[in-house]
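J.: pasting the sequence and the predicted coordinates here, then a few questions.
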Number of protein chains: 2
Amino acid sequence: MSLLVIGTVAFDAIETPFGKTDKIVGGAATYASLAASYFYDQVKIVAVVGDDFPASEIKDFNNHHISTEGLQVKQGEKSFFWSGKYHNDMNSRDTLITELNVLADFDPIIPESYQDCEYLMLGNLTPQIQQTVINRLNKRPKLIVMDTMNFWMDIAMDDLLKTISMVDVLTINDAEARQLSGEYSLVKAAQKILAMGPEYLIIKKGEHGALLFHKDLIFSAPALPLAEVFDPTGAGDTFAGGFIGYMAKAGEVNFHNMKNAIIYGSALASFCVEKFGTERLKGLTADDVKARIQQFVSLASFIIE
Amino acid sequence: MSLLVIGTVAFDAIETPFGKTDKIVGGAATYASLAASYFYDQVKIVAVVGDDFPASEIKDFNNHHISTEGLQVKQGEKSFFWSGKYHNDMNSRDTLITELNVLADFDPIIPESYQDCEYLMLGNLTPQIQQTVINRLNKRPKLIVMDTMNFWMDIAMDDLLKTISMVDVLTINDAEARQLSGEYSLVKAAQKILAMGPEYLIIKKGEHGALLFHKDLIFSAPALPLAEVFDPTGAGDTFAGGFIGYMAKAGEVNFHNMKNAIIYGSALASFCVEKFGTERLKGLTADDVKARIQQFVSLASFIIE
């Protein structure tokens, strides 16, 4: 039994109102696997990097009990690189540089030892690659969670719809849900998107929390109000990784566990944004996570007799 | 013991993507008093209208056990009139017409029989008039809730700050909290606003729910995700009225009761937007409200062992 995470492992250079970084390690699979590792000890990565990727960072994955057997290191090539600058409100950003490098012809090879995958996290990548991963698994995983973004809606809608039809849970933000469905109301958008295949839809609303839709059930999760969001990069991937990590730990796929998984994912995302890159996500203690979860419980609980 | 509501009683003409109304009855005190009447039977209005205001509408207030002794009817004058058009997203609107009419020289006279006021709802009006009402009460009410808007921040900041310093609870939206405090982070904004005087701050976030701040406590309340928002006019006033109506019923002023009051206020606001004007707010049954509250409980509840 394992949790397979596919996505980018990459370099980011980030500028926020609080400061600026050189190239630091980022990528959807990086954030998602680190987050998942807090709840589950059989996390495995499929990704690709160049020979510029530091061995110490690979060791950091392994220190989190994350298997990197499926992390391809391409000699003579460079890792995917993204650079962006956040606006003052931290809710929008400009992409300054995108260098695909090794990602341009990424072939997601699944090591034999990964075929025990029960939980599959498809981090944001081309829908075609996400689909290939599903097809290369001998047995369909018990739970497939897919993250994606507006970019693929703009340039690869047919592939995207095909991949969406193959997964159990789709995670997108509110603007993307509106774009994908053509509906402004998130309730109507959710009805249309659930009809595309997934049993569950999570709409991420950043500082406003998240909504989980399943049949005619809705769960509204709060976000922790923060005095400072230092760097939002990776928050969505961290959320998704924490979510599926908790689901793998819980075992049973149902609405109750999904609600809690959203709270756990949100808690990890709230740590992620406190520092640049993955800094805050590495080295959290169980007590840190427990205390943060308690903050979510206090934040959202009310008792009406 | 009574709950005094001060604010506008007026005519609105509304255009939304769903349709268009002629002059219909609206105004902050109208929505707030109707909402409060579902929880408390000693609601009293202080407001002013012209002789164009229909007697049948005054009777509707009385049918809701709302006292209109303090509703001044100015012979030979016209009621306040506002006309607006909502954009397709329903989150923004253009004001087409504002005719102050009787509101231009409104003197908020408090009938002697209103001096038993324990709960005071200051609906959106000039901060000077809101202040006058507080000063004209012989005994300071147990709970003063104040609603206001960006307009007064633009043209009457000094008066506004003076009035804010005199109240217990301030309700504003997120953009207004940012404008009033000069802080983008709502946590920092709340700290600054609580330092201006109020013990409690409610930040209304429309479709994203509401946040309650008190000392270092925060409560995040969800909004009910709706398939259709037919007409948002009056939702904020309905929320505030439901909030203080529930507080009057609960009796004790504390964080626990305020959390529930926010859920009750949100529930009534979710009815308000289902039809034009006050139509949906009139004639709800206790069962309607109870069922809606249950939807909020289902929506937001999670159990983490």
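T.: Yep, that arrived.
J.: need the phi and psi values for A:E15.
T.: A:E15 has phi and psi values of phi -120, psi 130 when expressed as degrees, to the nearest 10.
J.: all strands for the stretch 151-300 of chain A, in order.
T.: Under the criterion DSSP state E, counting those that start in this stretch, strands of the stretch 151-300 of chain A are mapped to A:169-173, A:200-204, A:210-214, A:217-221.
J.: what's the angle from the third one to strand A:200-204?
T.: Counting by axes from the mean of the first three to the mean of the last three CA atoms, to 10 degrees, strand A:210-214 points 170 degrees away from the direction of strand A:200-204.
J.: give me the angle between strand A:210-214 and strand A:217-221.
T.: Strand A:210-214 runs at 170 degrees relative to strand A:217-221, counting by the same axes, to 10 degrees.
J.: list the pairing partners of strand A:210-214 within its sheet, with orientation.
T.: strand A:200-204 (antiparallel), strand A:217-221 (antiparallel) (DSSP bridges).
J.: any idea which of those is most buried?
T.: strand A:200-204 (a mean of 25; mean count of other CB atoms under 10 Å in any protein chain shown). Backbone N, C-alpha and C define where each C-beta goes, glycine included.
J.: for that one, give me every contacting residue.
T.: Strand A:200-204 is contacted from outside by A:168-174, A:177, A:186, A:189-190, A:193-194, A:210-214, A:236, A:239, A:243, A:258, A:262, using CB atoms under 8 Å, 6 or more residues apart in numbering or on different chains.
J.: 6 Å instead?
T.: By CB atoms under 6 Å, 6 or more residues apart in numbering or on different chains, the surrounding residues in contact with strand A:200-204 are A:169-171, A:173-174, A:177, A:186, A:190, A:193-194, A:210-214, A:236.
J.: next, the residue in the stretch 1-150 of chain A positioned nearest to chain B: secondary structure please.
T.: Distance from chain B to each residue of the stretch 1-150 of chain A (CB to the nearest CB) is smallest for A:D89, at 6.1 Å. Here A:D89 is recorded as coil under DSSP: H, G, I helix; E, B strand; the rest coil.
J.: just the pLDDT for the residue lying closest to it once chain neighbours are set aside.
T.: Closest residue to A:D89 apart from its sequence neighbours, by CB to CB, 6 or more residues apart in numbering or on different chains: B:Y184 at 6.1 Å. On pLDDT, B:Y184 comes in at 92.
J.: now B:Y184. Its backbone dihedrals?
T.: Dihedral angles for B:Y184 - degrees, to the nearest 10 - are phi -80, psi -40.
J.: and it, how far from A:I97?
T.: 27 Å (CB to CB, to the nearest Å).
J.: quick one, which of these two is more surrounded?
T.: Between B:Y184 and A:I97, B:Y184 has the larger neighbour count (other CB atoms under 10 Å in any protein chain shown), namely 17 against 10.
J.: what's the pLDDT at the residue lying closest to A:M153 once chain neighbours are set aside?
T.: Spatial nearest neighbour of A:M153, chain neighbours left out: A:Q179 (5.3 Å); criterion: CB to CB, 6+ apart. For A:Q179, the model assigns a pLDDT of 97.
J.: with A:N138 instead?
T.: For A:N138, the pLDDT comes out at 98.
J.: list phi and psi for it.
T.: Note on A:N138: its backbone torsions stand at phi -60, psi -40 [degrees, to the nearest 10].
J.: show me what contacts it?
T.: Applying CB under 6 Å, 6+ apart, the residues contacting A:N138 are A:Q115.
J.: ok, back up a step: redo the strands paired with strand A:210-214 as JSON lines? Include mean pLDDT.
T.: Listed next are the strands paired with strand A:210-214 as JSON lines, based on pLDDT from 0 to 100:
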{"stretch": "strand A:200-204", "mean pLDDT": "98"}
{"stretch": "strand A:217-221", "mean pLDDT": "98"}
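J.: could I get the ones you listed as JSON lines with distance to B:I45?
T.: Formatted as JSON lines, the strands paired with strand A:210-214 follow (distance: least, CB to CB, whole Å):
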{"stretch": "strand A:200-204", "distance to B:I45": "40"}
{"stretch": "strand A:217-221", "distance to B:I45": "34"}
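J.: and of those strands, who's closest to B:E228?
T.: When the strands paired with strand A:210-214 are compared for distance to B:E228 using CB to CB, the nearest one is strand A:217-221, at 15.1 Å.
J.: gap between that closest one and the chain center?
T.: Relative to the chain's own centre, strand A:217-221 is displaced by 19 Å; criterion: CA atoms, centre = their mean, to the nearest Å.
J.: distance of the residue nearest the centre of chain A relative to B:P127?
T.: Nearest to the mean C-alpha position of chain A, by CA atoms, centre = their mean, lies A:D237 at 2.5 Å. Applying CB to CB, the value for A:D237 to B:P127 is 46 Å.
J.: same deal with A:R178?
T.: According to CB to CB, A:R178 and B:P127 sit 38 Å apart.
J.: with neighbour numbers in mind, choose between these two.
T.: Neighbour count, other CB under 10 Å: between A:R178 and B:P127, B:P127 has more, with 23 against 19.
J.: just to check, the more buried one is in contact with B:I164?
T.: No. Proximity of B:P127 to B:I164 does not meet the contact threshold set by CB atoms under 6 Å, at 7.8 Å.
J.: quick one: low-confidence residue ranges for chain A.
T.: Judged by pLDDT under 70, chain A has no weakly predicted residues.
J.: near chain B, which residues of it show up?
T.: Listed as neighbours of chain B in chain A under the rule CB under 6 Å from any CB of the partner chain: A:185-188, A:208, A:218, A:220, A:222, A:225, A:227, A:259-260, A:263, A:299-300, A:302, A:304.
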